[in-house]
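Q: This is the structure alone, sequence omitted:
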């Protein structure tokens, strides 16, 4: 695919779409098209016609360019919220001049601008195998004075002019993450942001916009996601008779200013945009494909069935109890055993020991290796839980280095979950964290690390470096990235699960460095159906960790049948988190059978194309997965509650080969029939579910 810039006209071409803009006489880039493929002549025509139209508009109280800017600045005739706001001494106003362009390898374009002595680069990137367009911005201070960065977004995404704009988004809270919502955008501004230092449970950095008529299967959808695991802001702004413009980037409102020192360069996170004509389903499958091909490391691997010790023992861990659990987990067919919290320091509860990453000698007198060896002998890999960004006040680490946490002089830092956040923006603290984790991985034969982060930032002071306080919001996250990158480079056999008290760090930036996400601390199967439905809008099943845990769940005390719980957890990467020593013989036998069933289908689930067949809670619904060659499919069907004596309607499948026959149990039927009439279901009662596997046979003879 290509990037093109000539005569001040920009045109990006992907396999199925085009994106165009032009530079106005004032060097402000104006967006002209994002949609179906167009030619270079079309892009030139759009530049000329758009410039003529904007020049003819009444301008006494507004700039005609507002809402159309490819990257709006703070200053001159721009009256909307800015993507870029710089402070030069006492002057907070940005004016730039075009300084040229560079094409990198035929797929990346860099537009260069100068604002005084700050070089600003707008970057664009396209791919040969998908319609995703990446955008990001680089600042380089070439002056002898510091410059204040008040706002630096990765991009402004301009929507086409249409009568209505509806935004789909993922919001929620702890234990209720990634809940899909849809909001009509009126005139004014609509803001979603994280002010917590992490991606957050409360809102996810992704959006989709349509004209209000798109469905799962039909309609034009414009969407974008941010590759960032810290605070961020999405701001959609719209004036009467103007298009919606969405500013997207790191940092929340009032985070700064972030000072850019002489000679320093600052690069924003990438934001990726995607246009689709196939509704929300095609859009999500395009995001999944992009993530698996270009973001997730080792995406072709099949993730193992894991057992995690937390619900069984919580903090009360020792070698004997863990060996007992591991033996039972191995008998069920689990392939990875993860020792959770309580193995280190004086960690007897959540008030002590966090930060002291040495093995507790009372609980493991010979270290972890004897337990690890026994787990390996059972045929399972071994993993550990860590929370390296945190510290308890009651710890050796805090007593030695109280200045290592975010705090203000003369003020007692606020506790959440009885812990404080280490200042990883400090290079010495980041180096210490890397060293501790490297020692841990080097001295123990681990295959898996669960990296947790159980509280947001507060008291974000840095008394030793008061001028660097605003760096915290950016530098903490890049330090986490650098630590994980270094660990993966040195210990390539260790997989990492990203966790932040559940789904508080689910984003493409963290996905690029880990193997899977802990989706939510809420393992109630009914709640998980909605959480997983929202998660699937942008993130693939291969990255979604799902556990079967004990009853009643600690979240809502709901009682749900074991089979239903397993079938919900089979929709991603299956795990077990219960106290197996308390499970009945019947439940253990059922679990063993269901784990074997999952192993039989997981390659299709983790790597197939995903189709959402209905929404959770609306009669019977399903999630379907289809292999790339459409020769095999898996359908997970759920019925939360049956009304009266009504049988579920036939379930119309998608993504099959209409000309092929598929074996469904003992019956062979055509793909055309399964997609037009549907699959007959036999679900009865509440919390009913089933797994249906289809394999293609021979072509249908007409």
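A: Arrived safely. Computed from a prediction, not measured in an experiment: that's the story for all the values here.
Q: Could you use CA atoms for every contact and neighbour count after this?
A: Noted.
Q: Would you point out the helix or strand in this structure whose mean pLDDT is lowest?
A: strand 688-699 (a mean of 88; mean pLDDT, DSSP states H and E).
Q: Might you list the low-confidence residue ranges for the stretch 451-600 of the chain?
A: Scanning the stretch 451-600 of the chain for pLDDT under 70 picks out nothing.
Q: would you list every one of the strands in it?
A: 495-498, 516-518, 544-548, 573-576 (DSSP state E, counting those that start in this stretch).
Q: Who are the packing partners of the least confident helix or strand of the chain?
A: helix 562-569, strand 632-639, strand 660-664 (3 or more C-alpha pairs under 8 Å, 6 or more residues apart in numbering; DSSP states H and E).
Q: redo that, cut-off 6 Å
A: Packed against strand 688-699 by the contact rule (3 or more C-alpha pairs under 6 Å, 6 or more residues apart in numbering; DSSP states H and E) you find strand 632-639, strand 660-664.
Q: tell me the average confidence for the shortest one?
A: It refers to strand 660-664. For strand 660-664, mean pLDDT is 94.
Q: who does the helix or strand residue 248 falls within pair up with?
A: Using DSSP states H and E, residue 248 sits within strand 245-250. Next to strand 245-250 in the sheet, as set by DSSP bridges, lie strand 155-158 (antiparallel), strand 232-238 (antiparallel).
Q: for those strands, which one sits closest to residue 192?
A: With C-alpha to C-alpha, the closest approach to residue 192 among the strands paired with strand 245-250 belongs to strand 232-238: 5.1 Å.
Q: contacting residues around that closest one?
A: 187-194, 244-252 (C-alpha atoms under 6 Å, 6 or more residues apart in numbering).
Q: can you rerun that using 7 Å?
A: 67, 187-194, 244-252 (C-alpha atoms under 7 Å, 6 or more residues apart in numbering).
Q: got any ranges where the protein has weak pLDDT?
A: For the chain, the ranges with pLDDT under 70 are 698-702.
Q: quick one, helices of it?
A: Assigned by DSSP state H, the chain shows helices spanning 40-55, 279-290, 310-313, 319-332, 369-377, 396-400, 427-443, 472-490, 508-511, 525-535, 562-569, 585-607, 671-676.
Q: just how off-centre is the fifth one within its chain?
A: Once both centres are worked out by C-alpha atoms, centre = their mean, to the nearest Å, helix 369-377 turns out to sit 33 Å from its chain's centre.
Q: how near is the closest residue to residue 253 other than its chain neighbours to residue 360?
A: Ranked by C-alpha to C-alpha, 6 or more residues apart in numbering and with sequence neighbours excluded, the top spatial neighbour of residue 253 is residue 233, at 7.4 Å. Applying C-alpha to C-alpha, to the nearest Å, the value for residue 233 to residue 360 is 42 Å.
Q: And residue 596, by the same measure?
A: From residue 596 to residue 360 the distance is 36 Å (C-alpha to C-alpha).
Q: Also residue 377?
A: 23 Å.
Q: more crowded one of the two?
A: residue 360 (22 against 11; other C-alpha atoms under 10 Å).
Q: Could you find the closest non-adjacent residue to the more buried one?
A: Nearest to residue 360 is residue 344, by C-alpha to C-alpha, 6+ apart, at 4.6 Å.
Q: Who are the contact partners of that neighbour?
A: 356, 357, 358, 359, 360.
Q: pretty sure the second one contacts residue 345?
A: Yes. Between residue 357 and residue 345 there is a contact at 6.3 Å, judged by C-alpha atoms under 7 Å.
Q: Around residue 563, how many other residues sit close by?
A: Neighbour tally, residue 563, other C-alpha under 10 Å: 18.
Q: picking up where we left off before, could you identify which of the strands paired with strand 245-250 is most buried?
A: strand 155-158 (a mean of 26; mean count of other C-alpha atoms under 10 Å).
Q: what about it, distance to the chain center?
A: 20 Å.
Q: which residues sit against it?
A: 31, 68, 70-71, 83, 135-136, 243-249, 271.
Q: Could you check stretch 397-410 and say which residues are buried?
A: 397, 398, 403, 404, 405, 406, 407, 408 (16 or more other C-alpha atoms under 10 Å).
Q: so which of the helices and strands packed on strand 688-699 is the most packed in?
A: Among the helices and strands packed on strand 688-699, highest average neighbours (mean count of other C-alpha under 10 Å) belong to strand 632-639, with a mean of 23.
Q: Save the helices of the chain as a markdown table, and put in distance to residue 170 too.
A: As requested, these are exported to a markdown table (distance: least, C-alpha to C-alpha, whole Å):
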| stretch | distance to residue 170 |
| --- | --- |
| helix 40-55 | 34 |
| helix 279-290 | 13 |
| helix 310-313 | 28 |
| helix 319-332 | 34 |
| helix 369-377 | 39 |
| helix 396-400 | 37 |
| helix 427-443 | 31 |
| helix 472-490 | 22 |
| helix 508-511 | 14 |
| helix 525-535 | 6 |
| helix 562-569 | 20 |
| helix 585-607 | 22 |
| helix 671-676 | 29 |
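Q: Relative to residue 462, which of those is closest?
A: helix 472-490 (8.5 Å).
Q: other SSEs contacting that closest one?
A: helix 427-443 (3 or more C-alpha pairs under 7 Å, 6 or more residues apart in numbering; DSSP states H and E).
Q: Now do the helix it packs on against helix 369-377, angle only.
A: Following axes from the mean of the first three to the mean of the last three C-alpha atoms, to 10 degrees, one obtains 60 degrees for the angle between helix 427-443 and helix 369-377.
Q: May I see the buried residues of helix 427-443?
A: Buried-residue list, helix 427-443, by 16+ other C-alpha under 10 Å: 429, 430, 433, 434, 436, 437, 438, 440, 441.
Q: Now the last one: closest residue in space, sequence neighbours ignored.
A: Taking C-alpha to C-alpha, 6+ apart as the measure, residue 441 lies nearest to residue 491, with 7.4 Å between them; neighbours along the chain are not counted.
Q: What of the fourth one?
A: Once flanking residues are discounted, residue 434 sits nearest to residue 483: 5.6 Å by C-alpha to C-alpha, 6+ apart.
Q: Pull the number of nearby residues for the one you found.
A: Count around residue 483 with other C-alpha under 10 Å applied: 19.
Q: Okay, it and residue 345: tell me how far apart.
A: 22 Å.
Q: picking that back up, quick check: angle from the strand holding residue 248 to helix 472-490?
A: 60 degrees.
Q: Name the residues that touch strand 245-250?
A: 67, 83, 152-159, 231-238.
Q: just stretch 105-122 next, same as before
A: 1-3, 94-103, 123-127, 136-143.
Q: just to revisit the earlier point, what residues of the least confident helix or strand of the chain count as buried?
A: 688, 689, 690, 691, 692, 693, 694, 695, 696.
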